[in-house]
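[1] For reference, the sequence and a predicted model appear below.
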Amino acid sequence: MDPPDRQDRFLLVIQTNKGIIYKVANAYCRDAEDRKDLIQEIIIQLWLAFEKYRPEFAITTWIYRIALNVSISFYRQEHRRTTLNQPLSNKVVYLYEENDDGKTTADLYHLQRFIKELKEIDRAVILLYLEGKSYQETADILGLSVKNISVKVFRIKESLKQKFSTIKS
């Protein structure tokens, strides 16, 4: 039986940082039911690792690291399970999402689509970059060198620019 204060501390950490969990899950799962499963798995893994958290690291770094690792594993499992005889067109696979005002934003749609086409680790890098994380924080979260992160961000941005240029012309 876990002491109530441990549970309370954990719930406070989750409540305070739930946005991270939702952002990561959304980046790796399009389907709402799969996203719920992924969020649940992330929270379970955070709970299992909670006592091992080392306070010298930012709590957000710890959460990102676990959430991304769980998401990448989840994505790989789902990717292996899902096979089609024919590829679906992008119009079927990706639906436009609506803004609060009810209008669709084509650039946001394309950005999300292009990010979902990236390799799992590149998707994690760009997600953290767009979140405003420094290269050092990103390196700490993903267990890569700062130089590696810098090169990846540059290459991903160039790739995204090129993809956007093909739809703009």
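    Cool, the structure landed.

[2] for residue 159, what are its contacts?
    Contacts for residue 159 were tallied using CB atoms under 8 Å, 6 or more residues apart in numbering; they are 114, 118. Backbone N, C-alpha and C define where each C-beta goes, glycine included.

[3] quick one: what helix or strand has it in it?
    Mapping residue 159 onto the secondary structure by DSSP states H and E places it in helix 146-168.

[4] and what of residue 55?
    Element membership of residue 55, judged by DSSP H and E, is empty: it is in no helix or strand.

[5] Where does pLDDT dip in this structure?
    1-3, 78-105, 168-169 (pLDDT under 70).

[6] Buried residues, the helix holding residue 159. List them.
    Within helix 146-168, the residues that count as buried by 16 or more other CB atoms under 10 Å are 148-149, 152-153, 156, 160.

[7] which residue sits closest to residue 27 in space, ignoring its chain neighbours?
    Closest residue to residue 27 apart from its sequence neighbours, by CB to CB, 6 or more residues apart in numbering: residue 127 at 5.1 Å.

[8] Stretch 43-61: which residues count as buried?
    Neighbour-count burial for stretch 43-61 [16+ other CB under 10 Å]: 43, 46-47, 50, 53, 60-61.

[9] Over to stretch 29-40?
    If you call a residue buried by 16+ other CB under 10 Å, then stretch 29-40 has these buried ones: 29, 34-35, 38-39.
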